[in-house]
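Q: This is a predicted model, with the sequence first.
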Amino acid sequence: MKYADEFRDRDLAKSIALGIRQEAHPGRTYNLMEFCGGHTHAIFRYGVKDLMPENVRFVHGPGCPVCVLPVRRLDDAVEIAERHGVILCTYGDMMRVPGTKQRSLIRAKADGADIRMVYSTMDALKIARDNPGRQVVFFAIGFETTTPPTAVAIKQARKEGLSNFSVFCNHVLTPSAIGHILASPEVRDLGTVRIDGFLGPSHVSSVIGSEPYEFFAEEFGKPVVIAGFEPLDVMQSTLMLIRQINEGRHHVENEYTRVVTREGNLKAQDLVSKVFELRQSFEWRGLGKVPYSALKIRKDFAEFDAEKRFEVSEKVSREVKSCECPAILRGVKKPTDCKLFGTVCTPDNPMGSCMVSSEGACAAYWTYGRYRDKARSPRREVAA
Ligand code: SF4
């Protein structure tokens, strides 16, 4: 298959759905976590969920980079913009995520902070070139897919001698997060859900390859299938997971062979390792502190590190009260379990990151409509 339409073919979908029904043993349940928000959206957008038998369940994971950023880091970004008077550049989805007391970047912008939405790191560099008298900070978020462009920007800034450019680095790593979901006592204490296998990240794996998941599959005895984002990718990967579970295997298999290799993109990995190094610990929304799960800028590039250039105050950061994003990101709850879903919280008036981001689980439930009409009721204000 070469074109998108072929990965949405109705007859093929029916045939894979039949295969799943035939192979899923009626006496057991298959809880499959889709790590990526892109998979969650494919499952809802194309009705994949409706084609599954009752005992095959999708559990939504923490694979949305906007959703997993803890409120504290967002509050810090607002502070850098407001207190230090910089031009703060970031990707669009971050603009509307509510921080403490529901204060978002877009609200700070409305109050006068110079916060600009960019489409790429190159846009941020251009703003730095065009404003030599101002400090420009790129608020970098994302998994392994968005890390190489940030590394390129830092190297380019050095090459051009752009002393007014820096990066507030919040890049996070997926294999550690998956391991943490299964291993961490904190997550167990907060409530956990049985997971029998993982639909592994697709775009992320195009950079890091499928190999990093092998240790994890072996260590925790859970199968992983690297899955593409089209509906037939998700369905085929589900079938592959069911087969592994039935056979008692726990290997990493690659359904997304048209993009992902075992070793990944070595050039991108080399670039990233030259500019970034591992943080000992980083907080994820919903998962708490996860060891070795994020990157920081290496000492060699310290002059481009906004954390070193701009001081931020100690503060107490808090999510919107009653928002269930943390539990949703751990796979413990569904968006419809949140009492704010569709009442005070909608994409027009988001209370949490899972409703803002185009990859968020709450946005998927809402956008594809199944729960929208049921949930809709007059909007009311909520205390932060
Ligand atoms: S519906 Fe809104 S408030 Fe509830 S968990 Fe999702 S984002 Fe948070």
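A: Cool, the structure landed. Note that the structure is a prediction, hence the values are computed from the model and not measured.

Q: got the buried residues for stretch 259-273?
A: V260, G264, N265, A268, Q269, L271, V272 (16 or more other Cβ atoms under 10 Å). (C-beta placed from N, C-alpha, C; glycine too.)

Q: That should have said stretch 127-137, apologies.
A: Across stretch 127-137, burial judged by 16+ other Cβ under 10 Å covers I127, A128, Q135, V136, V137.

Q: Now do that stretch: everything it contacts.
A: Residues from elsewhere that reach stretch 127-137 (Cβ atoms under 8 Å, 6 or more residues apart in numbering): 80-81, 84-89, 114, 116, 118, 124, 157, 160, 162, 164-168, 306, 309-310.

Q: Buried only: go through those for me.
A: Judged by 16+ other Cβ under 10 Å, buried ones among the contacts of stretch 127-137: 80-81, 86-89, 114, 116, 118, 124, 157, 162, 164-168, 306, 309-310.

Q: What's the nearest residue in the stretch 101-250 of the chain when you look at the ligand?
A: Q102 (10.9 Å; Cβ to the nearest ligand atom).

Q: Name the residues of this structure found near the ligand, please.
A: 323-325, 328, 335, 338, 340-341, 345, 350-352, 354-355, 362 (Cβ under 6 Å from any ligand atom).

Q: Kindly give a single PyMOL line that selects the buried subset of those.
A: Selection of the buried residues among the residues of the chain next to the ligand in PyMOL, burial being defined by 16+ other Cβ under 10 Å:
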select buried, resi 323+324+325+328+335+338+340+341+345+350+351+352+354+355+362
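
Q: Flag the shaky bits of this protein, pLDDT-wise.
A: 1-4, 184-193, 369-384 (pLDDT under 70).

Q: any idea where the strands of it begin and end?
A: 30-36, 56-63, 87-90, 114-117, 136-142, 165-171, 197-200, 224-226, 252-254, 276-278, 281-284, 288-291, 295-297 (DSSP state E).

Q: Switch those over to a markdown table; also include distance to Y46.
A: A markdown table is the format used below for the strands of the chain (distance: least, Cβ to Cβ, whole Å):
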| stretch | distance to Y46 |
| --- | --- |
| strand 30-36 | 13 |
| strand 56-63 | 13 |
| strand 87-90 | 30 |
| strand 114-117 | 29 |
| strand 136-142 | 25 |
| strand 165-171 | 30 |
| strand 197-200 | 14 |
| strand 224-226 | 18 |
| strand 252-254 | 21 |
| strand 276-278 | 36 |
| strand 281-284 | 28 |
| strand 288-291 | 31 |
| strand 295-297 | 33 |
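
Q: Let me know which of those is the nearest to H180.
A: Closest of the strands of the chain to H180 is strand 288-291, at 4.6 Å (criterion: Cβ to Cβ).

Q: Name the residues of the closest one that are buried.
A: Here strand 288-291 shows G288, V290 as buried, counting by 16+ other Cβ under 10 Å.

Q: now swap in stretch 209-226 and tell me
A: G209, S210, P212, Y213, F216, A217, F220, K222, P223, V224, V225, I226.

Q: And for stretch 317-336?
A: 319-320, 323-336.

Q: tell me the phi and psi of the residue nearest the centre of the chain?
A: Centroid-nearest residue in the chain: C64, 1.9 Å away (criterion: Cα atoms, centre = their mean). The phi/psi pair for C64 (degrees, to the nearest 10) reads phi -120, psi 110.

Q: Would you check that it makes contact with C362?
A: No: contact criterion Cβ atoms under 8 Å: C64 and C362 do not qualify, at 10.0 Å.

Q: Max pairwise distance over the buried residues of stretch 317-336: which two?
A: V320 and G331 (20.4 Å).

Q: Contact partners for E144?
A: Each residue near E144 by Cβ under 8 Å, 6+ apart is listed here: H171, L173, T174, V204, V207, I208, V272.

Q: Nice, that's everything, thank you.
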